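Visitor: Predicted model and sequence below, questions to follow.
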Amino acid sequence: MSEAMSSKIFLVISLIGFTIGLRVVVAHAKEKQNVKQAEKKISFVNGKWKDVAALAKKKGKYIFVDAYTAWCAPCRQLKNVTFKDREAAAFYNGNFISYTVDMEKGEGVELAEKWDVTAYPTLLFFTPEGKMVMTQVGYVNGKQLIEFGKQALEKL
């Protein structure tokens, strides 16, 4: 094999290696960015209440429920401000399974009646077994939300 051919093969192999390495670096950066984005707000799970309760029981975590309505201005303020508070997000993402539900649509209508929710927003806290331990009605800021979460975790 000639020296020119060896150089070309080396160049091609080097370019392939560089391309693979670059893809790994880019994928890692995107994953890191996604994790940072998730840490910037409270991560709410989707699905039915029974599935959320089963997940909480399996993981041994308390459940935080944001009971809201579409027309409620303080509910929107919670979503746009409080739930995006970094400290609150870190606390809730680490300690709770968080669930948000519109109390005037779908399963929310039944849950509102079951939980006696009549004002919005209502924040509810449940044990991993699904027993309600605490509720809070009205808008709260990030620090207040953390305090309520700590109080709920202390209620065994």
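Guide: Cool, got the structure.
Visitor: give me phi/psi at Ser43?
Guide: Torsion angles at Ser43 (phi, psi; degrees, to the nearest 10) stand at phi -90, psi 120.
Visitor: Contacts only, for it.
Guide: Ala89, Asn93, Ser98 (C-beta atoms under 8 Å, 6 or more residues apart in numbering). From N, CA and C alone the C-beta is placed, and that goes for glycine too.
Visitor: again, but for Ala53
Guide: Contact analysis of Ala53 by C-beta under 8 Å, 6+ apart lists Ile63, Phe126, Gly130.
Visitor: With pLDDT, secondary structure and neighbour count as added columns, please give those in TSV.
Guide: Converted to TSV, those look like this (pLDDT from 0 to 100; DSSP: H, G, I helix; E, B strand; the rest coil; neighbours: other C-beta atoms under 10 Å):
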residue	pLDDT	secondary structure	neighbour count
Ile63	97	strand	26
Phe126	97	strand	24
Gly130	92	coil	14
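Visitor: want to try CSV for those residues, with distance to Lys150 as columns?
Guide: Shown next, in CSV, are these (distance: C-beta to C-beta, whole Å):
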residue, distance to Lys150
Ile63, 15
Phe126, 15
Gly130, 20
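Visitor: for those residues, which one is nearest Lys50?
Guide: Taking C-beta to C-beta as the measure, Lys50 lies nearest Gly130 of these, at 9.2 Å.
Visitor: how near is the closest one to Ala53?
Guide: For Gly130, the distance to Ala53 (C-beta to C-beta, to the nearest Å) stands at 5 Å.
Visitor: tell me, what's touching these two both at once?
Guide: With C-beta under 8 Å, 6+ apart, Gly130 and Ala53 have common neighbours Ile63.
Visitor: ok, the residue lying closest to Lys48 once chain neighbours are set aside - contacts?
Guide: Nearest residue to Lys48 in three dimensions, chain neighbours excluded: Glu107, at 6.0 Å (C-beta to C-beta, 6 or more residues apart in numbering). Residues in contact with Glu107 (C-beta under 8 Å, 6+ apart) are Lys48, Trp49, Val101.
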